[in-house]
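Peer 1: Need a 3D model of the following:
(one chain, ligands or ions: 1)
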Amino acid sequence: MTTENKTVLKLAKVQDARLKDKNVLMRVDYNVPIKDGVIKDDTRIRETLKTLKLLLEGNNRVVLMAHMGRPKGQPVEKYSLKPVAAKLEELAGAKVHFAPDCVGPEADKVVAAAKKGEIVLLENLRFHAQEEKNDDAFAKQLAKHGEFFVQEAFGALHRAHASTAAIAAHLPGAIGFLVQKELEYLDKAMVSPVRPFLAIIGGAKVADKLSVLYSLIEKVDTLIIGGGMAYTFLAAQNTNIGGSLLEADKVEEAKNIILKAHRNNVELLLPADHRVVQEIKPDAKVDVTQAMAVPDGWIGVDIGPRTELLFADKIKGAKTIFWNGPVGIFETPAFASGSVTVANTMAQATRAGSTTILGGGDTLSVLKTAKVKSENISHCSTGGGASLEFVEGKQLPGLVALSQK
Ligand code: AMP
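Peer 2: Here you go, the predicted model:
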């Protein structure tokens, strides 16, 4: 359970380790979007700067390990971290050496050449198959680059990989400021939220969000289900959904969640009207349904205007809000209205003093579409998968490994 993350796991903090003149090996999540060699969003890099600053001020040499994409255990040029090194140098204001491999003589040479107070970024860990296999010999090779390990890759904590799990057996370690911040927000929301506590879960697939729904139903006052997955819930209530997304094998689970919500006195809200099209294409003619049902021949692509008002009202009335997943096919501008309204109302709620937490890559893209700055949300998680697993109550392997020391 989430509470256990705080009470059972004993996690050292980087600021308490008082690192000076050391070789520090730090795992970061620099899996940033890159197009034609240009970084499209550097949030994940910027979020590590506070820990980097602390370590550099302590005159430590910082060796960074990271992954990019899914190169499947071999070098793939488009997944090189090289463009990240240049961006990091600019943002950190310190010398950044780039090592063309993460282990072996080439890496050792670059690390040895770096001075205290400088940074080394190692090439993509996933160019080696041993990384994702949590291989201990590989972790040992990585561990040679440092005397102390800092875990700052929140987005990779739910993976038991060599650089997140096995590594912890080889070096003393601690969590960085970013991981601390992520855990504080999520833990507070799950353990002692200021109420009313509202969760908005959207996105395409019920199957992906089942565990999180089961967990939230035990904690929230109100649960809003939107997006493609809402249609399976509507179908579970015998509401006609036309040609909208349906996961027929999840209808029973949906019924079960509705029942549980009822038993737990949780208010469960589904879209009360919809924006619908006859064919999913950007220039499709969009109609609005009169009620909850979607007529045959039509497909629900976004919540309707009445639902927008209803959801916005609930957001304004809540004191803690957790949001994961868009409530419509927001990538198409004509179907983005509902998700944009949710994003704007979240920003409004933040200004009014509520704690707003946003998890997941797609949900962050909605913020961009809505032109809402991440500063206007209390906390935007840098790790979609990790934040969901945390909310599900699962222990994150990257934390378990560190706490066992
Ligand atoms: P997820 O990764 O599960 O959060 O799903 C995000 C995806 O859900 C986005 O790409 C949306 O386009 C999609 N989505 C949201 N609403 C709908 C809908 N009504 N029908 C189909 N897909 C949807």
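
Peer 1: Flag every residue of the protein that's near the ligand.
Peer 2: In this structure, the chain approaches the ligand at residues 203-205, 208, 227-228, 245, 300-301, 325-326, 328-329, 331, 360, 362, judged by Cβ under 6 Å from any ligand atom. Bear in mind the C-beta positions are built from the backbone N, C-alpha and C, glycine included.

Peer 1: Provide a list of residues in contact with the closest residue to the ligand within the stretch 201-350 of the chain.
Peer 2: Minimum separation of the stretch 201-350 of the chain from the ligand (Cβ to the nearest ligand atom) falls at residue 203, amounting to 2.5 Å. For residue 203, the residues meeting the contact criterion (Cβ atoms under 8 Å, 6 or more residues apart in numbering) are 209, 227, 228, 229, 324, 325, 326, 360, 362.

Peer 1: Am I right that it sits in a strand?
Peer 2: No. Assigned with DSSP: H, G, I helix; E, B strand; the rest coil, residue 203 falls outside any strand and is coil.

Peer 1: where does it land on pLDDT?
Peer 2: At residue 203, the model reports a pLDDT of 95.

Peer 1: picking up where we left off before, which two from the contacts of residue 203 end up farthest apart in space?
Peer 2: Spatially, the most separated pair among these is 228 and 360, at 14.6 Å (Cβ to Cβ).

Peer 1: Any chance of a PyMOL selection covering the buried ones in the contacts of residue 203?
Peer 2: What follows is the PyMOL syntax for the buried subset of those, where burial is set by 16 or more other Cβ atoms under 10 Å:
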select buried, resi 209+227+228+229+324+325+326+360+362
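
Peer 1: By pLDDT, give me the weakest of the contacts of residue 203.
Peer 2: Checking pLDDT across the contacts of residue 203, the minimum falls on residue 360 at 77.

Peer 1: Just give the number of residues close to the nearest residue to residue 282 once chain neighbours are set aside.
Peer 2: Leaving aside its chain neighbours, residue 282 sits nearest to residue 332 (5.2 Å; criterion: Cβ to Cβ, 6 or more residues apart in numbering). Around residue 332 there are 17 other residues, counting by other Cβ atoms under 10 Å.

Peer 1: Please give me every residue in contact with residue 274.
Peer 2: Under the criterion of Cβ under 8 Å, 6+ apart, the contact partners of residue 274 comprise 244, 288, 289, 294, 300, 301, 302, 303, 304, 307.

Peer 1: In helices only, show me these.
Peer 2: The subset of those located in helices under the criterion DSSP state H comprises residue 307.

Peer 1: wait, which of the contacts of residue 274 is closest to residue 341?
Peer 2: For residue 341, the closest of the contacts of residue 274 turns out to be residue 303, at 8.3 Å, with distances computed as Cβ to Cβ.

Peer 1: On the pLDDT front, check the residue lying closest to the closest one once chain neighbours are set aside for me.
Peer 2: By the measure of Cβ to Cβ, 6+ apart, the closest residue to residue 303 outside its immediate chain neighbours is residue 338, 3.7 Å from it. What the model reports as pLDDT for residue 338 is 98.

Peer 1: Mind checking what secondary structure residue 338 has?
Peer 2: The three-state assignment at residue 338 reads helix, by three-state DSSP.

Peer 1: same thing with the one 5 residues further on?
Peer 2: What three-state DSSP gives for residue 343 is helix.

Peer 1: quick one, what contacts it?
Peer 2: Under the criterion of Cβ under 8 Å, 6+ apart, the contact list for residue 343 reads 366, 367, 369, 370, 372.

Peer 1: Do a quick rundown of the strands in the stretch 201-350 of the chain.
Peer 2: For the stretch 201-350 of the chain, the strands identified by DSSP state E, counting those that start in this stretch occupy 222-225, 267-269, 274-277, 287-288, 299-303, 320-324, in order along the chain.

Peer 1: out of those, nearest to residue 79?
Peer 2: For residue 79, the closest of these is strand 320-324, at 26.3 Å, according to Cβ to Cβ.

Peer 1: Partner strands of that closest one, with direction?
Peer 2: Using DSSP bridges, the strands paired with strand 320-324 are strand 197-201 (parallel), strand 355-358 (parallel).

Peer 1: count of neighbours near the closest residue to residue 253 other than its chain neighbours?
Peer 2: Closest residue to residue 253 in three dimensions, ignoring its sequence neighbours and counting by Cβ to Cβ, 6+ apart: residue 210, at 5.9 Å. The burial count assigned to residue 210 is 17, neighbours taken as other Cβ under 10 Å.

Peer 1: Which stretch among the strands paired with strand 320-324 is buried most, on average?
Peer 2: Mean neighbour count, computed with mean count of other Cβ atoms under 10 Å, is highest for strand 197-201 among these, reaching a mean of 26.
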